[in-house]
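Peer 1: Sequence plus predicted model, see below.
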Amino acid sequence: MRADCPRILIAGDRSSSGKTTIVAGLLSALRGRSLRVQPFKVAMDYIDPSYHTWITGRSCRNLDGYLMTEAAVREIYNHAAESADIAVIEGVRGLYEGYDGDLGSTAQIAKLLRTPVIFVVDARSITRSCAAIVKGYMDFDPQVEFKGVILNKVGSERHAQKAIKEIERYAGVEVVGVIQRNEEMHLAMRHLGLVPVLEGKTRHEGFPERVDTIRQIVEEGLNLDRILEIAKEAQPLPEVEPDIYRQNTIGKGLRIGVARDEAFNFYYRDNLELMELAGAEVVPFSPVHDAALPQVDGIYIGGGYPELYSRELSENAGMRRSLERAHEKDLPIFAECGGLMYLAREIEWDGERREMVGLVPGRARRGSTRVVSYVHGALTQGCALGPAGTKIMGHEFHHSEMLMDAGAKYAVRLERGAGIAGGQDGFVEGNLIASYMHIHGASYRGFPAEFIGACVRRKS
């Protein structure tokens, strides 16, 4: 497994530097040159990758140095970038922000994959200070290969020229792009960040046109030819022996139903691909639109925004009854975050209460804080995710909380993370497990194999 295509990493000086919007425009501009562009996102995010996937036509892959081993990061990169003309990696937060030192940071991925960094600086109201920021970031870790700077939110041509002069004088790195301050350089935002693509296209008028405007602004502001040259300067990467992406037959003949629509679209492509590599067929269904489940042997309901579609989900009584019957038959069901909320008795949001499926004995409501965190713990009892004692790692990403009935049983005890209640996560009943924790096949190597195993045992 080898990927020798050119590559760059777009990093920022902070979370609000504007790198996500710039990356969206850059991906679109590169596609406009008929290039096969493979996108990546540092850390476990769903929403930014939904834009990358939509724009490039290739599934964006996540790279996380905390949840994944270095070998796994290399394998995921090589697997996805094979056959691409260029790979573009979007960083997370500020370049050096990690879980513990370098661990989990954008800088860690840049060094691990020997990738040239193009650094986005929020230049609003500063000129000479831009040079100090760039120089400080470059000196902080000389192993990070700084190859270019993009100045964002620039007020005027004079502003840009002053900043460029100081950066090149003091930091010795070239400026490869200037993006003028422009209110059209914004994508719709909400309580968990950007609006996902599926929702943007269906609920926000003029959404595709806004994205095309961003492409035009970025294409005009960046030196694409120089950026492509920088990408070609990336050092060759060694070959990787497949370990994660191994074809097998443990799920041969299985049909796994996966909830995919406007309300549920937080999935890692790797998780679904691993099901397919195991011989299972991934069968999409819509809790919003479909009257009943298709014929399946197991059900996977990922994250999303069920609170925004609570009326449609509640009114679809046929699907709710179909899920109840599936649970009565003890079909394995794994629900993550939004799926957990949907399987609860009801969702209360912004003054409205809507009846949901009722398989989880509790009520979902808007929480007082936004939870974004890595989690790790262990299974305290055997379930559809694995046997008791199994270590498990993942992440949380939600603005809701669950008010659970007394006596609810949980399969996960967290050492780090909030979970559903008091460090417990993974409500369990029979072959049903529903959690706030999201998992990835490289962060918990038991997924999807253990879930598929539960489906096989139930079917046999």
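Peer 2: Nice, I can see it. Keep in mind that this is a model prediction, so the values were computed, not measured.

Peer 1: tally of neighbours for Glu324?
Peer 2: Per other Cβ atoms under 10 Å, the neighbour tally for Glu324 reads 14. For glycine as for every other residue, the C-beta is placed from the backbone atoms N, C-alpha and C.

Peer 1: Number the chain from 58, please
Peer 2: Sure thing, new numbering starts at 58, so read that last one as Glu381.

Peer 1: so it is in which element?
Peer 2: Using DSSP states H and E, Glu381 falls within helix 374-385.

Peer 1: right, and the helix or strand after that helix?
Peer 2: Toward the C-terminal end, the helix or strand that comes next after helix 374-385 (DSSP H and E) is strand 390-393.

Peer 1: And the helix holding Glu381, what does it pack against?
Peer 2: Packing partners of helix 374-385 (3 or more Cβ pairs under 8 Å, 6 or more residues apart in numbering; DSSP states H and E): helix 367-372, strand 390-393.

Peer 1: If we go by neighbour counts, what in it is buried?
Peer 2: Met376, Arg377, Ser379, Leu380, Ala383, His384 (16 or more other Cβ atoms under 10 Å).

Peer 1: mean confidence score for it?
Peer 2: The pLDDT scores in helix 374-385 average 98.

Peer 1: again with stretch 265-281
Peer 2: Across stretch 265-281, pLDDT averages out at 89.

Peer 1: Over to stretch 105-112?
Peer 2: 92.

Peer 1: centre of the chain versus it, how much separation?
Peer 2: Put simply, stretch 105-112 sits 10 Å off its chain's centre (Cα atoms, centre = their mean, to the nearest Å).

Peer 1: re earlier: which of the helices and strands packed on helix 374-385 sits most buried?
Peer 2: Mean neighbour count (mean count of other Cβ atoms under 10 Å) peaks for strand 390-393 among the helices and strands packed on helix 374-385, with a mean of 26.

Peer 1: same question for the helix or strand that comes right after that strand, mean pLDDT?
Peer 2: On the C-terminal side of strand 390-393, the nearest following helix or strand under DSSP H and E is helix 395-400. Helix 395-400 shows a mean pLDDT of 98.

Peer 1: what packs against helix 395-400?
Peer 2: Where contact means 3+ Cβ pairs under 8 Å, 6+ apart, helix 395-400 is packed against strand 321-323, strand 355-358, strand 360-361, strand 390-393, strand 417-436, strand 448-461, strand 489-492.

Peer 1: gap between Glu223 and Val178?
Peer 2: Distance of Glu223 to Val178, computed by Cβ to Cβ, to the nearest Å: 12 Å.

Peer 1: Please say which of those two ends up with more neighbours.
Peer 2: Val178 (27 against 19).

Peer 1: and that one, bridged to which residues?
Peer 2: Per DSSP bridges, the residues bridged to Val178 are Leu208.

Peer 1: do Glu409 as well
Peer 2: On the basis of DSSP bridges, Glu409 is bridged to Trp406.

Peer 1: shouldn't it be in contact with Ser367?
Peer 2: Yes - assessed by Cβ atoms under 8 Å, Glu409 is found in contact with Ser367 at 7.0 Å.

Peer 1: And for the nearest residue to Thr126 once chain neighbours are set aside, the neighbour number?
Peer 2: Leaving aside its sequence neighbours, Thr126 sits nearest to Ala499 (Cβ to Cβ, 6 or more residues apart in numbering; 7.8 Å). By other Cβ under 10 Å, the residues close to Ala499 number 26.

Peer 1: Wasn't Ala499 part of a helix?
Peer 2: No - secondary structure of Ala499 (DSSP: H, G, I helix; E, B strand; the rest coil): coil, not part of a helix.

Peer 1: I'd like the next helix or strand past the helix or strand harbouring Arg283.
Peer 2: Using DSSP H and E, the element containing Arg283 is helix 281-289. Counting by DSSP H and E, the element after helix 281-289 in chain order, helix or strand, is strand 312-316.

Peer 1: partner strands of that next one, parallel or antiparallel?
Peer 2: Partners of strand 312-316 in its sheet, by DSSP bridges: strand 338-342 (parallel), strand 355-358 (parallel).

Peer 1: got the CA positions of it in CSV?
Peer 2: Only the C-alpha atoms of strand 312-316 are listed here, as CSV (Å, rounded to 0.1, in the frame of the first residue of the first chain):
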residue,chain,number,x,y,z
ARG,A,312,-27.3,-6.9,5.7
ILE,A,313,-26.5,-4.0,8.1
GLY,A,314,-29.1,-1.2,8.1
VAL,A,315,-27.5,2.3,8.4
ALA,A,316,-29.6,5.3,9.1
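
Peer 1: Also compute the angle for it relative to helix 374-385, please.
Peer 2: On the basis of axes from the mean of the first three to the mean of the last three Cα atoms, to 10 degrees, strand 312-316 is oriented at 140 degrees to helix 374-385.

Peer 1: Need the distance between the two termini of stretch 433-446.
Peer 2: 13 Å (Cα to Cα, to the nearest Å).

Peer 1: Okay, buried residues for that stretch please.
Peer 2: For stretch 433-446, using 16+ other Cβ under 10 Å, the buried residues are His433, Gly434, Leu436, Thr437, Cys440, Ala441, Leu442, Gly443.

Peer 1: Tell me which residues are up against that stretch.
Peer 2: Under the criterion Cβ atoms under 8 Å, 6 or more residues apart in numbering, residues 389-391, 447-451, 466-474, 476, 480, 482-483, 485, 488-490, 496, 501, 503-504, 507-508, 511 lie in contact with stretch 433-446.

Peer 1: go on, stretch 206-223?
Peer 2: Stretch 206-223 has contacts (Cβ under 8 Å, 6+ apart) with 67, 74-76, 79, 175-185, 187-188, 191, 224, 228, 230-238, 278-279.

Peer 1: end-to-end on it?
Peer 2: Stretch 206-223 end-to-end distance (Cα to Cα) = 12 Å.

Peer 1: repeat for stretch 458-478
Peer 2: Taking Cα to Cα, stretch 458-478 runs 9 Å from one end to the other.

Peer 1: Stretch 492-500 now?
Peer 2: One end of stretch 492-500 sits 16 Å from the other (Cα to Cα).

Peer 1: Pull the distance from it to the chain's centre.
Peer 2: Taking mean C-alpha positions (Cα atoms, centre = their mean), stretch 492-500 and its chain are 11 Å apart.

Peer 1: pLDDT-wise, which helix or strand of the chain ranks last?
Peer 2: The helix or strand of the chain with the poorest confidence is strand 246-247; it has a mean of 46 (mean pLDDT, DSSP states H and E).

Peer 1: Residues contacting the helix or strand encompassing Ala189, please?
Peer 2: Secondary structure assignment for Ala189, by DSSP H and E: helix 185-197. The contact list for helix 185-197 (Cβ under 8 Å, 6+ apart) reads 70, 152-153, 176, 178, 180, 183, 201, 203, 206, 208, 219-220, 223-224, 226-228, 230.

Peer 1: Just the buried residues of those residues.
Peer 2: Using 16+ other Cβ under 10 Å, the buried ones in the contacts of helix 185-197 are 70, 152-153, 176, 178, 180, 183, 201, 203, 206, 208, 219-220, 223-224, 228, 230.

Peer 1: bridging residues for Phe97?
Peer 2: Counting by DSSP bridges, Phe97 is bridged to Arg118, Ile146.
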